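Engineer: Show me the folded form of this:
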Amino acid sequence: MNITERAECIDTVVIGGGHAGLCMSYVLQREGREHVVLEKARALEQWRSARWDSFRINSPIAYSRLMGQVDGLPDTRRSIPLGEMIRMWDEYITQRRFPIREWSKVLSVARTDKGRFMVCVECDHGLQRYDAFNVVAAPGNYQFPRIPSFAKHLGSEIQQFRVGTYTNPSAIQNGAILVVGGGQTGMQLSEELAGAGRDVYLATSKVKGTPRNYRGEDVMFWLDRIGILTAPKEKCGYPDDHNRMPIVGHDHPISHHSLARLGIKLLGRLRDISKDGATAIFRDDLHANIMFAQRGYEKLINQIEEWIASVDPTVRARYPAADDRASVGASSATPGIGAT
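Structural biologist: A predicted model of the protein is given here:
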């Protein structure tokens, strides 16, 4: 197709076919607005190709559905295998007939002299243009891996994986494994690798601890009730409070202490790799990272308790008493500390 040909006129172009883009499409459909959803790969591509084999949905299904999705499952259902969740999403996408154009990579968006938007797209039949009144950008976060520049110092004998290339423990060659990153993914993969009998080191980072359940309910319902899931970014206290998603397993809590009990050696944040690739250098901040997780956990519990104290006694009675033993580590054991 010649790029100079007439552009397709449309009310709204939505860029990105992930959760945000599809939910935007649902809203536009509901309002009767003509639109198209442009996705550079397949709808929900990150779920399809950037997860490992054992991955399960981490949140109760109430927080994983697309807008308007009805599946007959209880809201509390969690630990859903990814393949099952993708099947439900695909069935719903087909049912709703979302106007998705897959394999359509947006190259540019520019204002025209008439105040509209010209969207230039590369697709399987060449170049396509859209003349749109509105453009909604919904590309999502974390689409591209951030590999530290010092990783280039590692020799070819060292396997390097990231989310999207790691599949399962059997794909990793024999020897010790260093997992870099103490967030949701790093802690889940460390647990999986240790469970497979591998010798695992985890380079931690500042991530707040969170329970999986509290007072008889999944933590996601509590995060919703106390307003964390809907808080505008201006109120999230960046950088200290910007990441409030639970660092947990798909059906159980994970903490520095639980990983240490599996034999994982905990380290501070990875700071550098020597130029000869022989030495990894870590920050001396392991204890600070553990305390950061503990303080975050305690703050969240306090917020939940404040919410419970503020509601009507009949509502308060729905929740069982708090477990005094609850803590980010669920143990007074000292986490294992690896050499730095």
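
Engineer: Name the spans of the stretch 101-250 of the chain whose pLDDT lies under the cut-off.
Structural biologist: By pLDDT under 70, the weakly predicted segments of the stretch 101-250 of the chain are 142, 233, 235-246.

Engineer: Please look at L73 and I61 and confirm they touch.
Structural biologist: Yes: using CB atoms under 8 Å as the test, L73 is close enough to I61 to be in contact (5.4 Å). No exception for glycine: its C-beta is placed from N, CA and C like everyone else's.

Engineer: who's more crowded, those two?
Structural biologist: Set side by side, L73 and I61 show more neighbours around I61, with 19 against 14, by other CB atoms under 10 Å.

Engineer: Check which residues of stretch 42-52 are buried.
Structural biologist: A43, L44, E45, Q46, W47, A50, R51, W52 (16 or more other CB atoms under 10 Å).

Engineer: Same question for stretch 53-65.
Structural biologist: Result for stretch 53-65 [16+ other CB under 10 Å]: buried residues F55, R56, I57, N58, S59, P60, I61, A62, Y63, S64, R65.

Engineer: how about the helices of the stretch 151-300 of the chain, start to end?
Structural biologist: 184-195, 219-225, 256-261, 286-310 (DSSP state H, counting those that start in this stretch).

Engineer: so which of these is the most packed in?
Structural biologist: Of those, the one with the most neighbours on average (mean count of other CB atoms under 10 Å) is helix 256-261, at a mean of 22.

Engineer: helices or strands up against it?
Structural biologist: With contacts defined as 3 or more CB pairs under 8 Å, 6 or more residues apart in numbering; DSSP states H and E, helix 256-261 has these neighbours: helix 184-195, strand 265-267, helix 286-310.

Engineer: Adding distance to L223, write these out as CSV.
Structural biologist: Below are those laid out as CSV (distance: least, CB to CB, whole Å):
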stretch, distance to L223
helix 184-195, 14
strand 265-267, 26
helix 286-310, 8
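
Engineer: Farthest pair within the buried residues of stretch 53-65?
Structural biologist: F55 and A62 (19.0 Å; CB to CB).

Engineer: Quick one: neighbours of G263, just the number.
Structural biologist: 12.

Engineer: Pretty sure it sits against A194.
Structural biologist: Yes: the pair G263 / A194 is scored as a contact, 6.0 Å apart, by CB under 8 Å.

Engineer: which neighbours do the two share?
Structural biologist: Overlap of the contact sets of G263 and A194 (by CB atoms under 8 Å, 6 or more residues apart in numbering) consists of V200.

Engineer: list the buried ones in the strand ranked longest in the chain?
Structural biologist: The longest strand of the chain (DSSP state E) is strand 126-137. For strand 126-137, burial by neighbour count (16+ other CB under 10 Å) applies to Q128, R129, Y130, D131, A132, V135, V136.

Engineer: The stretch 51-200 of the chain: strands as residue ranges?
Structural biologist: 100-101, 105-111, 117-123, 126-137, 177-180, 200-203 (DSSP state E, counting those that start in this stretch).

Engineer: Could you dump those into a markdown table and include distance to K299?
Structural biologist: Output for these, formatted as a markdown table (distance: least, CB to CB, whole Å):
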| stretch | distance to K299 |
| --- | --- |
| strand 100-101 | 40 |
| strand 105-111 | 40 |
| strand 117-123 | 43 |
| strand 126-137 | 33 |
| strand 177-180 | 26 |
| strand 200-203 | 23 |
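
Engineer: between these, which gets nearest to P169?
Structural biologist: Among the strands of the stretch 51-200 of the chain, strand 177-180 sits nearest to P169 (CB to CB), with 8.7 Å.

Engineer: So what touches that closest one?
Structural biologist: G186, L189, S190, L193, R198, D199, V200, Y201, L202, A203, L270, A280.

Engineer: right, and the third one touches I264 too?
Structural biologist: So the one you mean is S190. Yes: at 5.4 Å, S190 counts as touching I264 under the criterion of CB under 8 Å.

Engineer: Need the overlap of contacts for these two.
Structural biologist: By CB under 8 Å, 6+ apart, the residues touching both S190 and I264 are V200, L202.

Engineer: re earlier: TSV please, covering the buried residues of stretch 42-52 and showing distance to E8 and secondary structure.
Structural biologist: Below are the buried residues of stretch 42-52 laid out as TSV (distance: CB to CB, whole Å; DSSP: H, G, I helix; E, B strand; the rest coil):
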residue	distance to E8	secondary structure
A43	20	coil
L44	24	coil
E45	23	helix
Q46	27	helix
W47	29	helix
A50	31	coil
R51	34	coil
W52	39	coil
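
Engineer: Kind regards, and thank you for your time.
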